[in-house]
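Colleague: Sequence first, then the predicted structure, then my questions.
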Amino acid sequence: MARPDARWSARALEAAVWIAPAIVAGMFLWLLGDLLARGVAAFLPREADAFDFGAAIELGRNIVAFLTSAPERAGRGGGIAPILVSTGLILAVCIAAALPFGLGTALFLSEFVPLRSRFGTLVRRSLDVLAGVPSIVFGLFGNALFCRLLGLRFSILSGGLTLACMVLPLLIRTAEESFRAVPISQRHAAAAAGFSQWSTVFRIVLPQAAPGLVAGLILGIGRALAETAALIFTSGYVDRMPGSLLDSGRALSIHIYDLSMNVPGGNAHAYASALVLIVLLVLINAAARWSTMRLLHGQERRA
Amino acid sequence: MIDLDRRDRTGRSADEANAAAALSVTGLTVRYGESIALRDVTLDFPARSITAVIGPSGCGKTTLLSCLNRLTDLIPSCRVEGQVRLGDTAIHDSRTDVVALRRRVGMIFQRPTPFPFSIRRNLELPLREHGGLDKTEIAARIEQTLREIGLWDEVRDRLDRPAPTLSGGQQQRLCLARALALRPEVILLDEPCGALDPISAGVVEDLILNLRERYTIVIVTHNLGQAKRLADRVALLWSDGRGGTLIEHGSTAQVFDAPRDELTAAYVSGRLG
Amino acid sequence: MWWRNCRLFRLRSATRDRMLIGTSRALACVSALVVVLIVAFLIGESAPALARVGPVRFFTDESWHPTADASAGSFGLVPTLVGTLLTSAGAIALAGGLGILSAAFTRFYAPRRLAGWYALMVELMAGVPSVVYGLWGLMVLVPLIAAVRPPGASLLAGIVVLALMILPTVALLADAAFAAVPRDCVTAAAALGLTRGASVFRVVVPAARSGLFTAVVLASARALGETMAVLMVCGNVVRIPRGVFDPVRTLTATIALEMGYARGDHRAALFVCGLVLLAAVTILVATAHAAGRGRPHGTT
């Protein structure tokens, strides 16, 4: 008895509600499948006709070789060891630079500033804008400030510092949430017991916020690991093992880009590197969840 | 004049349909997963009267109401056994058209639930979805229903303003209008004045009394005074830890003044509950 | 512990408190200044181009062949701007609809377990780096499109890859918008005899419209700023495309490709591109925030 066209359009939408996720899932699983297939294929031994124990050992050896040797012939051969080292160093610089500013700002916003303060709002607004800046613009900024003005040239240091600026809003947001998650009653109790602000922060708030802080940190690392555009002209392209932080170094994501776009015949290794990158991200995510649970349980046991 | 006295799907006119509509519940048992919410309830709701379902919190009053319009379908873990009939239609039968059922049985909730749209859209939406009326008929139905509810004069100039800007009492009356616009046979009210101030509650209660002439009304209420004021018949539900059961039912006078069960006597006198 | 004896811990607690507050305030100031620095550097580095090339020429010059000396080259940004707009608009058109339907799927239609798996998959999609999307697009999508119509690296490839990338953003924010609609509305709609489709698409979706708008706007901001994936699949030809199978180039790709060797006014022109990008994204994000704050989309 309902209006025929009303029923029809509702029916069409109900069908679409099932078709849309099917399309999305299909595309993504296609992508994932392709990545896994070609990625693993890049490691498989050449002459394997049957996947027996010998082939499995060969596969393992290929993977280890890939992870521990230097690239040859512009990356068509060899491995990614120097690249992994560079990536690690860039991330280390990023975290070392971002952590103090992130924690300090989050602490300031959650503990020392009333919610409606003008300065606090100003800081938050500027961080909101910072969070929206496209990564390529960070690259431009990093190039202008770190590479040119500060004279660091294309280096791991420049790349790491640029990434630090990028992950800063994320770190601050997760850290502030972790701090705010500690109930205000705890702070009141500490004040009533005569604790100074210093003691309240370091003995009460920080330990309880630790799981969230660690999770946020790991999230930031994951975000930085996936980043490419900000590094292209800050940390450079050199695929040799870096000797110092001032040396140019190539990050894993840039290696993938270079192999697939600029190096003919580099596709297999591009896929292999992409697989390594994805595995690293999965491990990082798992580490985040695991550490959060460990720390939470640790807290519960001690309580 | 537009003829609003339409024939429904079975060819009966609204009056005949109304006269026939009475709800009857037989052996109703409702489970949510493992726990039993209602145990073996048998009860009749006569046509054109107000039946109040009373009892303390958690005894299954809302569950009983939800069975009468199959709102239990929305809860995945809910299983319903027994028979519920509306007139000669078995409600929980799998062949029953739920959409048509819910047009015949309207429900008002404790907290007013207007849609966050304009007043006009709140009333138009269900009318358009159920179909059968063109634009002018819909507009006329809206005006007629709002007049019945007594809201017409209050909102005629603000039909396109958002419904949530109305006061709580007005919102609840709007929800009532929304259900009445569909010309139901039964109206279910789940503590309709629970969230309202006393004056608005009084207005809504007067409204309910006026509706008794044409609808079968079931009202769940905590408020014994309200049950006494409004209801023709009263049913007392009570939970004994193993689900809610029907303790006693009968006319208001009988249940309140000469209860047969001592639990009833204790509850209506305020000693328990 | 040994460090408890050091000077820091022997200070009076009031002094320690002042140090703590002071240090954290200083750190907060620096963090707040980063975005100011970015804008300052962008303006500073692009000033030569704005002065010597002039904003008008960016629109009127015939083509994009920039040189270190402004007078020698041409700096027409219009094809690149069109490329950016078309890829983003196309991606939003795809991802907006698919994302909102996905959110409706997980919230109102899918059985619990399926909804859980699907939501997990969307989370994974959000975590995949843009180079990996670009790699797949380059190796799988582009040859596929090339089989239909060469060259393959095209506007269409860019739109598809970009849509995949911003879909998790839309789905997540749309889900939050749906969550903000009170449950009562859905129950009331059901009690009025509305079918599930009518409840979802005629009640919940209109009720959530400001949240959905925010979702789409924020996702377009992301689309505008995306570099690597579009760079890898769009073909990078600076020309206004005549159809979806033509190659395009976006602003982001221009910057990424040319920064490596740009000098002088060319480099400054790239900073102008960066400035335009930043302005566009900031306007979009501000719009989204304003829309989100304006109308409360539930009952009062």
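Modeller: Good, I have the coordinates. Residues are numbered from 1 along each chain as shown, chains lettered A, B, ... in the order given.

Colleague: Go ahead and confirm C:Ala188 touches B:Pro116.
Modeller: No: in this structure, C:Ala188 is not within contact of B:Pro116 by Cβ atoms under 8 Å, at 11.3 Å. Heads up, the C-betas are built off the backbone N, CA and C, glycines and all.

Colleague: Which one of those two is surrounded by more residues?
Modeller: Comparing C:Ala188 with B:Pro116 by other Cβ atoms under 10 Å in any protein chain shown, the one with more neighbours is C:Ala188, at 26 against 23.

Colleague: just the helices in the stretch 51-200 of chain B please.
Modeller: Secondary structure of the stretch 51-200 of chain B by DSSP state H, counting those that start in this stretch: the helices cover B:61-68, B:98-104, B:119-130, B:135-149, B:152-155, B:168-180, B:198-211.

Colleague: list the buried ones in the fifth one?
Modeller: Within helix B:152-155, the residues that count as buried by 16 or more other Cβ atoms under 10 Å in any protein chain shown are B:Trp152, B:Val155.

Colleague: ok, how many other residues are close to A:Val40?
Modeller: A count of nearby residues for A:Val40, using other Cβ under 10 Å, gives 14.

Colleague: so who does it touch?
Modeller: A:Leu275 (Cβ atoms under 8 Å, 6 or more residues apart in numbering or on different chains).

Colleague: how much distance is there from the helix or strand containing it to the middle of the chain?
Modeller: According to DSSP states H and E, A:Val40 maps onto helix A:4-43. Taking Cα atoms, centre = their mean, to the nearest Å, one finds helix A:4-43 lying 26 Å from the centre of the chain it belongs to.

Colleague: What average pLDDT does it get?
Modeller: Mean pLDDT, helix A:4-43: 87.

Colleague: can you check stretch A:209-227 too?
Modeller: Mean predicted confidence for stretch A:209-227 is 89.

Colleague: now do stretch A:168-184
Modeller: 91.

Colleague: Would you mark the buried spots in it?
Modeller: For stretch A:168-184, by 16+ other Cβ under 10 Å, it's A:168-180, A:182.

Colleague: Same check on stretch C:55-63?
Modeller: C:Arg57, C:Phe58, C:Asp61.

Colleague: Ok, stretch A:192-204 next?
Modeller: Buried residues in stretch A:192-204 (16+ other Cβ under 10 Å): A:Phe195, A:Ser196, A:Gln197, A:Trp198, A:Thr200, A:Val201, A:Ile204.

Colleague: Over to stretch A:92-108?
Modeller: For stretch A:92-108, by 16+ other Cβ under 10 Å, it's A:93-95, A:97-99, A:101-108.

Colleague: so which of those residues comes closest to chain C?
Modeller: A:Gly104 (3.0 Å; Cβ to the nearest Cβ).

Colleague: just the helices in the stretch 51-200 of chain A please.
Modeller: Using DSSP H, counting those that start in this stretch, helices in the stretch 51-200 of chain A cover A:53-68, A:81-111, A:118-132, A:135-142, A:156-181, A:184-192, A:197-199.

Colleague: For chain A, which of the helices of the stretch 51-200 of chain B is the nearest?
Modeller: Comparing the helices of the stretch 51-200 of chain B by Cβ to the nearest Cβ, helix B:119-130 comes nearest, at 5.8 Å.

Colleague: Could you measure from the closest residue to B:Gln172 other than its chain neighbours over to B:Val204?
Modeller: For B:Gln172, ignoring the flanking residues on the chain, the nearest one in space by Cβ to Cβ, 6 or more residues apart in numbering or on different chains is B:Pro112 at 4.4 Å. The spacing between B:Pro112 and B:Val204, counted by Cβ to Cβ, to the nearest Å, is 10 Å.

Colleague: So for those two, which residues contact both of them?
Modeller: By Cβ under 8 Å, 6+ apart, the residues touching both B:Pro112 and B:Val204 are B:Gln172.

Colleague: When these two are compared, which one has more neighbours?
Modeller: Taking neighbours as other Cβ under 10 Å, B:Pro112 and B:Val204 compare with B:Pro112 leading, 26 against 20.

Colleague: Please tell me how far the more buried one sits from B:Ile187.
Modeller: 15 Å.

Colleague: Can you tell me the closest non-neighbouring residue to C:Arg57?
Modeller: In space, C:Arg57 is closest to C:Phe75, 5.5 Å off (Cβ to Cβ, 6+ apart).
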